[in-house]
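Trainee: structure, please.
(chains A, B, C, D, E and F)
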6 protein chains.
Amino acid sequence: MVNRAFYPGRFQPFHNGHLQAVKYILSKTDEVVIGVMAAQFNFMKDNPFSAGERVEMIKLALREYWDKTYVIPIENVPNNLEWVPHVLTLIPSINVVFTNNPLVKMLFQYYNIKVKGIPWFNEKYFSGRYIRKLIASNGDWEKLVPREIAEYIKRINGVERIKELFKSEEVVLPIR
Amino acid sequence: MVNRAFYPGRFQPFHNGHLQAVKYILSKTDEVVIGVMAAQFNFMKDNPFSAGERVEMIKLALREYWDKTYVIPIENVPNNLEWVPHVLTLIPSINVVFTNNPLVKMLFQYYNIKVKGIPWFNEKYFSGRYIRKLIASNGDWEKLVPREIAEYIKRINGVERIKELFKSEEVVLPIR
Amino acid sequence: MVNRAFYPGRFQPFHNGHLQAVKYILSKTDEVVIGVMAAQFNFMKDNPFSAGERVEMIKLALREYWDKTYVIPIENVPNNLEWVPHVLTLIPSINVVFTNNPLVKMLFQYYNIKVKGIPWFNEKYFSGRYIRKLIASNGDWEKLVPREIAEYIKRINGVERIKELFKSEEVVLPIR
Amino acid sequence: MVNRAFYPGRFQPFHNGHLQAVKYILSKTDEVVIGVMAAQFNFMKDNPFSAGERVEMIKLALREYWDKTYVIPIENVPNNLEWVPHVLTLIPSINVVFTNNPLVKMLFQYYNIKVKGIPWFNEKYFSGRYIRKLIASNGDWEKLVPREIAEYIKRINGVERIKELFKSEEVVLPIR
Amino acid sequence: MVNRAFYPGRFQPFHNGHLQAVKYILSKTDEVVIGVMAAQFNFMKDNPFSAGERVEMIKLALREYWDKTYVIPIENVPNNLEWVPHVLTLIPSINVVFTNNPLVKMLFQYYNIKVKGIPWFNEKYFSGRYIRKLIASNGDWEKLVPREIAEYIKRINGVERIKELFKSEEVVLPIR
Amino acid sequence: MVNRAFYPGRFQPFHNGHLQAVKYILSKTDEVVIGVMAAQFNFMKDNPFSAGERVEMIKLALREYWDKTYVIPIENVPNNLEWVPHVLTLIPSINVVFTNNPLVKMLFQYYNIKVKGIPWFNEKYFSGRYIRKLIASNGDWEKLVPREIAEYIKRINGVERIKELFKSEEVVLPIR
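Mentor: You can find the predicted model right below:
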């Protein structure tokens, strides 16, 4: 029987912390299902990349682990208690969830699914929010993500996109 | 002809103020339809309890008034002008709404439905928000809700749930 | 601990078969949660009554059982596996489901919830579809529903509504 | 005070019958609001044209009546009783509806809005369904629609689109 | 071939700045499609008027340009990249978009649609937000909107509505 | 630059025809994105398996091609013209679509995306519908799917599920 873990995140963008987390998870289980959460959001300051772009990034970073990996975009739903079953209808069967998010932990435990933390994962140094700020302000962001992802972001003009989205902050967005 | 009132609220949780409001309404009408609003939300800091849990609480508190009571969960909708007809398709026919909320009042009056206030209802002392804060901070919340509801909240580990949700405040929730 | 059953149906309209089923269920459990399914549909040939009208009907028929009864409107969802958790977020906690519908049975059992049949319930004699046809064709439908419900249907002009909806059958409805 | 009528339809495509109906309505009122219903559907056998294409067609046909005309795309909703308020939030205020559809009539009358028929409108000769069939089978359809609309349909390759959609009939569509 | 522009906005309310923008656009193109965005919102502090009311206002202000004008209500969608195709299925074909909103510009350019600014449009003097504040505080708002629109807003009791919505600010709205 | 193809299907279940199609596509391109369409449907006669189960099946069948494969569940949307952009926000960038479905072809071509057929794919011998019927009637279905998939279906009690869903055909499903 395959041991398979679920690892949810927004991956805006997928960075070195995520990469280390996946390596850690794969040291504990046979396969990992990466949930690209908030899949319906893109071109927003906090969610600049589309789900498809995030899938493409993750493939670039996990090329050598791909035979043990699934990457599944999952849209958010308003009802938290419906969120876990929603996830479970979209992913292969799993027997453990890896997360440090307290709400995610509480919700999966509500459904009697085992949840583990990622012990050494330090949000202070590995944070999508921080990386997006660095990108917007010409900071030194490239070393915080896998090399292939830095190239990808630049190739799709992601730097300009994020700068523009940060500028738009004051503007009333026409889209809810 | 039955005189029937609609009384909407989120009831997070149902507290002594709500109980007094229901008693007041039933002194003025034959039956009351309690609308458990924002029914799709749960496990959120401001909406910790599911609609079903709120229905169960209300039954515990209104046992002796139950023959005159309907409790109907109602999901919110984005279009305010569609909200009143949405409510009306889900509840028995009513001839008056009791509320102190100015928007609810304005919307029902738009549809020519009579709206009355609950004159002595003081939000300062009876507030779900205040009770949730007390629960999160080990305050003296139990006396503010009917005894059966305090027991229910403790039985379903609602205290721990609310504390955890208050802790999560700083965390970016994965769910919209 | 309360033993509480869930009894789902569309109740278009609530008839003598449903009434007998509720009595049977209440002979086996302490309380019953009646789920008014397909709550978003109304003014359709197969779903003529709104959820609110169905709640009102059920109250009229179950007046003497009301202290043991909850009536909860529940909208359908497209994802069958998400349907059970969707229901569970809207109703008080239950420990058994009563149904003769094979899909409903399969779905609740998927979530390890006990399902029981209603042994003597004969769909041949107790059928909403049959009653709607009788109403549309001036048949002898009144004896098949509780007296209060027959009166209610006539009072809200439900007979004319159903006749009109049956006539419309050939017309392309403007509403999906 | 302006007398303004609502005239709903799918207009797949807008044909000479619709044109005569609009002229009739404008002989009775000051302005007409044309509701392009089922606005979310397109590239379907029964709904080949997008809402935008239908708006564009109607403008071509009603050029000389345009100062008295509004054309508003409106998506269908599943709840029939919510449909009328949904429509009313999207259109200018009206005081009469013109329709021969019995369900549309019943629903607007439920909200105490005056409904009138279009007496001479004969569905036998003026039918979108019939015109779509003629288009699919190289029949003589052009004379049944305003000349500008026939040209428009041909210019956007609507004839080929409809033929292809009719061919697809046997195929399981991948889209619900 | 018609040159047709798209001009999106929320128009809460349509003011003199919008009017000048439309005149400017019509000096550059043959026809303008005015998109009434966020069409599902109303009776909110930032979105007081329904889409239908906004359509009605725009007609009053553009009476003499109406033969070159389409006004189309469009609901927002959560997925920004799906927003442009969503808009395009609801409006007549266009070949240019006029906007000063950076996100709207970025999204249409993503789909290779030409975007132009409105050079002299000064948000400082022409702002719906500013006008709503003036209305709420008995300021001198009337001169900032076309005369017919000021009359319309007063006729539908829009001043009272906005004042009430501004008062409600502190209240937890029951509607998401 | 990677050549990447999109291959959409419902895969109820993934069978030998699909396997051959994927091999064919991978002989023409570098990578394939398999779209598991109608992802929101499951436990239906025509859609017995959840999206997650279908992902799991496809992994079992494509183990040796997995380094060139993405499998992405995609929910259907009602608006056909919005379907292509919806797909594109969820998948890595592609430069060709492989399909024999005429509507899918028409829709992708509308957005100027290259579409190719799968020349030797014979629906007569390779059909999910046919396989589901065989499963329901104890026919010889196992040889029509990859061995690992036959084992998987049996392991999750998929045979019993399909038989039950076929039996339910006469029953009014409670879920839309």
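Trainee: all contacts plus neighbour counts: C-alpha atoms, from now on.
Mentor: Noted.
Trainee: which parts of chain A are helices?
Mentor: A:16-28, A:51-61, A:80-90, A:102-110, A:128-136, A:147-155, A:158-167 (DSSP state H).
Trainee: please tabulate these in JSON lines and include mean neighbour count, mean pLDDT and distance to residue F:157 as additional columns.
Mentor: Output for the helices of chain A, formatted as JSON lines (neighbours: other C-alpha atoms under 10 Å in any protein chain shown; pLDDT from 0 to 100; distance: least, C-alpha to C-alpha, whole Å):
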{"stretch": "helix A:16-28", "mean neighbour count": "17", "mean pLDDT": "96", "distance to residue F:157": "29"}
{"stretch": "helix A:51-61", "mean neighbour count": "23", "mean pLDDT": "98", "distance to residue F:157": "32"}
{"stretch": "helix A:80-90", "mean neighbour count": "22", "mean pLDDT": "98", "distance to residue F:157": "16"}
{"stretch": "helix A:102-110", "mean neighbour count": "17", "mean pLDDT": "96", "distance to residue F:157": "25"}
{"stretch": "helix A:128-136", "mean neighbour count": "19", "mean pLDDT": "96", "distance to residue F:157": "42"}
{"stretch": "helix A:147-155", "mean neighbour count": "16", "mean pLDDT": "98", "distance to residue F:157": "41"}
{"stretch": "helix A:158-167", "mean neighbour count": "19", "mean pLDDT": "96", "distance to residue F:157": "46"}
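Trainee: mind putting the ones you listed into TSV with distance to residue A:74?
Mentor: Formatted as TSV, those follow (distance: least, C-alpha to C-alpha, whole Å):
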stretch	distance to residue A:74
helix A:16-28	17
helix A:51-61	9
helix A:80-90	7
helix A:102-110	14
helix A:128-136	18
helix A:147-155	21
helix A:158-167	22
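Trainee: what parts of chain A come near chain F?
Mentor: A:39, A:50-53, A:55-56, A:63, A:66-67, A:70-73, A:88-93 (C-alpha under 8 Å from any C-alpha of the partner chain).
Trainee: 6 Å - rerun?
Mentor: Those residues of chain A that sit near chain F, judged by C-alpha under 6 Å from any C-alpha of the partner chain, are A:50, A:51, A:52, A:53, A:56, A:72, A:89, A:90, A:91, A:92.
Trainee: need the contact list for the second one.
Mentor: Applying C-alpha atoms under 6 Å, 6 or more residues apart in numbering or on different chains to residue A:51 gives the contacts A:39, F:90.
Trainee: any idea how far residue A:35 is from it?
Mentor: 10 Å (C-alpha to C-alpha, to the nearest Å).
Trainee: how about residue A:82?
Mentor: 16 Å.
Trainee: with residue A:146 instead?
Mentor: Taking C-alpha to C-alpha, one finds residue A:146 at 19 Å from residue A:35.
Trainee: go on, residue A:97?
Mentor: Counting by C-alpha to C-alpha, the gap from residue A:97 to residue A:35 is 11 Å.
Trainee: number of residues surrounding the residue lying closest to residue A:41 once chain neighbours are set aside?
Mentor: In this structure, residue A:41 finds its nearest non-sequential neighbour in residue E:79, 5.1 Å apart by C-alpha to C-alpha, 6 or more residues apart in numbering or on different chains. Residue E:79 has 21 neighbours, counted by other C-alpha atoms under 10 Å in any protein chain shown.
Trainee: again with residue A:46
Mentor: If you count neighbours by other C-alpha under 10 Å, residue A:46 ends up with 17.
Trainee: try the one 3 residues further on
Mentor: Counted by other C-alpha under 10 Å, the residues lying close to residue A:49 total 25.
Trainee: who touches it in this structure?
Mentor: When contacts are counted by C-alpha under 6 Å, 6+ apart, residue A:49 touches residue A:42.
Trainee: find me the pLDDT at it, would you?
Mentor: On the pLDDT scale, residue A:49 is placed at 98.
Trainee: distance of residue A:132 from residue A:145?
Mentor: Residue A:132 sits 11 Å away from residue A:145, going by C-alpha to C-alpha.
Trainee: just checking, residue A:99 touches residue A:119?
Mentor: No: checked against C-alpha atoms under 6 Å, the pair residue A:99 and residue A:119 is beyond contact range at 9.7 Å.
Trainee: neighbour-wise, which of the two wins?
Mentor: Set residue A:99 next to residue A:119 and count neighbours by other C-alpha under 10 Å: residue A:99 wins out with 20 against 10.
Trainee: can you report phi and psi for that one?
Mentor: phi -160, psi 150 (degrees, to the nearest 10).
Trainee: against residue A:88, how distant is it?
Mentor: Taking C-alpha to C-alpha, one finds residue A:99 at 16 Å from residue A:88.
Trainee: what of residue A:5?
Mentor: For residue A:5, the distance to residue A:88 (C-alpha to C-alpha) stands at 12 Å.
Trainee: what does residue A:15 give?
Mentor: Distance, residue A:15 to residue A:88, by C-alpha to C-alpha: 25 Å.
Trainee: any common contacting residues for residue A:51 and residue A:35?
Mentor: Joint contacts of residue A:51 and residue A:35 (C-alpha under 6 Å, 6+ apart) do not exist.
Trainee: for chain A, which residues are neighbours of chain B?
Mentor: Taking C-alpha under 6 Å from any C-alpha as the contact definition, chain A meets chain B at A:76, A:79, A:80.
Trainee: can you pull the contacts of the last one?
Mentor: Applying C-alpha under 6 Å, 6+ apart, one finds that residue A:80 lies in contact with residue B:42.
Trainee: which non-adjacent residue is nearest residue A:109?
Mentor: Per C-alpha to C-alpha, 6+ apart, closest to residue A:109 is residue A:115, 6.8 Å.
Trainee: quick check: bridge partners of that neighbour?
Mentor: Residue A:115 has these beta-bridge partners by DSSP bridges: residue A:97.
Trainee: let me see the contact set for it.
Mentor: When contacts are counted by C-alpha under 6 Å, 6+ apart, residue A:115 touches A:96, A:97, A:98.
Trainee: restrict the residues you listed to the buried ones and give me that as a PyMOL selection.
Mentor: Buried members of these, defined by 16 or more other C-alpha atoms under 10 Å in any protein chain shown, are picked up in PyMOL with:
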select buried, chain A and resi 96+97+98
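Trainee: just the contacts of residue A:115 now: which is nearest chain D?
Mentor: Closest to chain D out of the contacts of residue A:115 is residue A:97 (32.3 Å), distances taken as C-alpha to the nearest C-alpha.
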